[in-house]
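Visitor: Starting from these lines, generate the structure:
(chains A and B)
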Amino acid sequence: MITNKLKALALSETGFLFDPVTGHTYTLNSTGTRILDLLRKGISEPDLSSVIAKEYSIGNSEAAIDCSEFVKTLREYRLLD
Amino acid sequence: MKRKITVAITGMNAGESPQPGPAVARSLREAKDYDFTLVGLIYDAMESGVYYNGLLDAAFLIPYPSSGTEEMFERIEAINNKIHIDVLIPTLDAELSAYSKLESRLLQLGIKLFLPTEDQLSSRSKLHLPELTRDLHLQMPNQKCIGSYEELSKMFNEFSPPVVVKGIYYEAGIANDYSECKRIAGKITSKWGWPIILQERIVGGEYDLAMFGDGSGSVIGEIAMKKMALTEKGKAFSGMTINDENIYKIGKSFVSRTKWRGALELEFVKETKSEMYYLIEINPRFPAWIYLSSAAGQNLALAYVEMALGLKSKTFDRPNAGIFFVRHAIDLVSDLNRLEELSVNSECFIERKKYETQ
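Guide: Numbers count the residues shown, from 1 in each chain, chains lettered A, B, ... in the order given. Next up is the predicted model:
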C-alpha cells in the first residue's frame, strides 16, 4: 500500500532522497533506490524480494534478507509508516 | 509606470551574526512591481549592507535606541526632511518597542510602519512565553526565570542536565553541570544583567517558521524551514524549506489567536523521540534568513511594504519544500568615499549601480 508518507518523498534517479516534512536528505545506493522506487510503485513488502532477486540475479533468501534490512532502516528513519 | 516608494530599513550589518536588514533590502530590490529607493538606517558606519553595491541608495547614521525615543524621532524627522521615507522597516529586537511607541508620530510625518502592538511585543518576551504558550496550548520546554546566583544553585537541581542557560534578550549556552551553568550565567549577566532563564533541553532538530500576520488574525504568508547548519551562536547558516502540516498549523493558530500584526519568527525544536514541536522562542520581526521567502515565491518584505501603505497584499501560496540556502561570507570592497561621508556627515547617497545578486 502506498502511504502518503511514501508519496511525499522526493526520490531522484541518482538516489538523492528528500523528506519534505522533516527537511532531511539522504543518499541511497542503486539497490536502495530501486527498492524504494518499487515501494512507491505499490509493490508490497513480501513481493519486493522476488523482484530484487530476479533483477539482481541473486537467491530469494539473500534478497529477502537485504530487502527486510533496508525496509527496517527506512522505518528507523521514519521514512515508512 | 512603476510606483516610486522609499523604504528605510534598519539592521544592515550582515557580519558574523547577521542582521535581517540586507535580506529585507535584497527582497525589495528584486520586487519588480515597484521602483524602490532603499535607505539604510545604521548605527555604525561599518555596517556591511552599506557597501553591498546596488543594495541601498542612501544610508544615514541614527542614534541607538538606548538614547531614547525622542532622540530617535528627531533624527528620523531630520532624515525624512532630506529624503521622504514612505515606509520604515525596523528589523532589530532592541528597537521594536521604541518604534512601536513612535508609530503614530511617525505616521504624522507620512512614514508608515506595520509592527506588532506593544501588548504583542510584551507577550512574546522570553519571560512571558510560558503564559502565552499555555493560553495557546503550545508545547514549550520547562523553564525558570532566575534572578541571582543563590536562586541558580537552588533551581539547577530541578533540571536534568544538560540544561539551556539563556539571557532574556541575547546569548545562550548549554550547561552539563552546575559549574558550567554558573560560568555561562556569569558570562551572560556580566553583559546583560539578571534575570536569566534556565530551560529544559529538548533533543531534536531545529526548525523555524517565518510568517506575516495582517493584524486581524489572518496569515499573509508563511515559510517553514529546517536549520541544516548552525553557527557557534546557534544561528542558521543553512536551511531548507519544508512542508509539514503540523508546524504550519501551530503558526496559523498563533497568528489567528494573537491577531499578530506584522513579521514574526517562531523557533522550534522538534523532539526526535516524540516528533513534537516545542516552541523555543518568538521573534517579533523578520529573521536574517528572510530572503529565502522571496526566493521561494513569498516576498514577505514586500508584504510589509504593501500592508504598511494600506495596499491589499495578496495571500501567498505555501512555498514548495526543498528550496535551501547556505550563507556565503565574502569581502565587500569600497573606496574611502562612502566611509568618509558617513563618518563625517552621518549620511551618504550611493550612486545606483547594477544590483549584484551574488
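
Visitor: measure whichever residue of chain B sits closest to chain A to B:Glu118 for me?
Guide: Nearest residue of chain B to chain A: B:Lys226, at 2.9 Å (CB to the nearest CB). Bear in mind the C-beta positions are built from the backbone N, C-alpha and C, glycine included. Plainly put, B:Lys226 is 32 Å away from B:Glu118 if you go by CB to CB, to the nearest Å.

Visitor: neighbour-wise, which of those two wins?
Guide: Ranked by neighbour count (other CB atoms under 10 Å in any protein chain shown), B:Lys226 and B:Glu118 place B:Lys226 first, with 26 against 13.

Visitor: List the residues that contact the more buried one.
Guide: A:Thr22, A:Gly23, A:His24, B:Gly205, B:Glu206, B:Tyr207, B:Gly239, B:Met240, B:Ile242 (CB atoms under 8 Å, 6 or more residues apart in numbering or on different chains).

Visitor: What of B:Thr258?
Guide: So B:Thr258 contacts B:Gln120, B:Ser123, B:Leu132, B:Leu136, B:Gly213 (CB under 8 Å, 6+ apart).

Visitor: which of those residues has the most neighbours?
Guide: B:Gly213 (28 neighbours).

Visitor: How many residues are close by the nearest residue to it once chain neighbours are set aside?
Guide: With sequence-adjacent residues excluded and distances taken as CB to CB, 6 or more residues apart in numbering or on different chains, B:Gly213 is closest to B:Trp260, at 3.4 Å. Close neighbours of B:Trp260, defined as other CB under 10 Å, add up to 26.

Visitor: cool, B:Ser148 as well?
Guide: Other residues within reach of B:Ser148 by the criterion other CB under 10 Å amount to 13.

Visitor: Now do the residue nearest to it when sequence neighbours are not counted, the pLDDT please.
Guide: Once flanking residues are discounted, B:Ser148 sits nearest to B:Trp194: 6.5 Å by CB to CB, 6+ apart. Note on B:Trp194: pLDDT of 90.

Visitor: mind listing what B:Trp194 touches?
Guide: B:Trp194 touches B:Ile146, B:Gly147, B:Ser148, counting by CB under 8 Å, 6+ apart.

Visitor: which regions of the chain lie under the pLDDT threshold?
Guide: Looking at chain A here, since you left the chain open. Within chain A, the set of residues satisfying pLDDT under 70 comprises A:1-2.

Visitor: was after chain B, sorry
Guide: B:353-358.

Visitor: B:Lys154 versus B:Phe316, what's the distance?
Guide: B:Phe316 is 48 Å from B:Lys154, by CB to CB.

Visitor: if we can go back for a sec, show me the contacts of B:Trp194 that map onto strands.
Guide: Secondary structure assignment (DSSP state E) places B:Ile146 from these within strands.

Visitor: For burial, what's the neighbour tally of B:Glu245?
Guide: Quick note: B:Glu245 (other CB under 10 Å) scores 9 neighbours.

Visitor: ugh, wrong one, I meant B:Ser17
Guide: Look at B:Ser17: counted by other CB under 10 Å, it has 13 neighbours.

Visitor: what's the closest non-adjacent residue to residue 52?
Guide: You didn't pick a chain, so chain A it is. A:Ala63 (4.4 Å).

Visitor: I was after chain B.
Guide: In space, B:Tyr52 is closest to B:Leu332, 5.8 Å off (CB to CB, 6+ apart).
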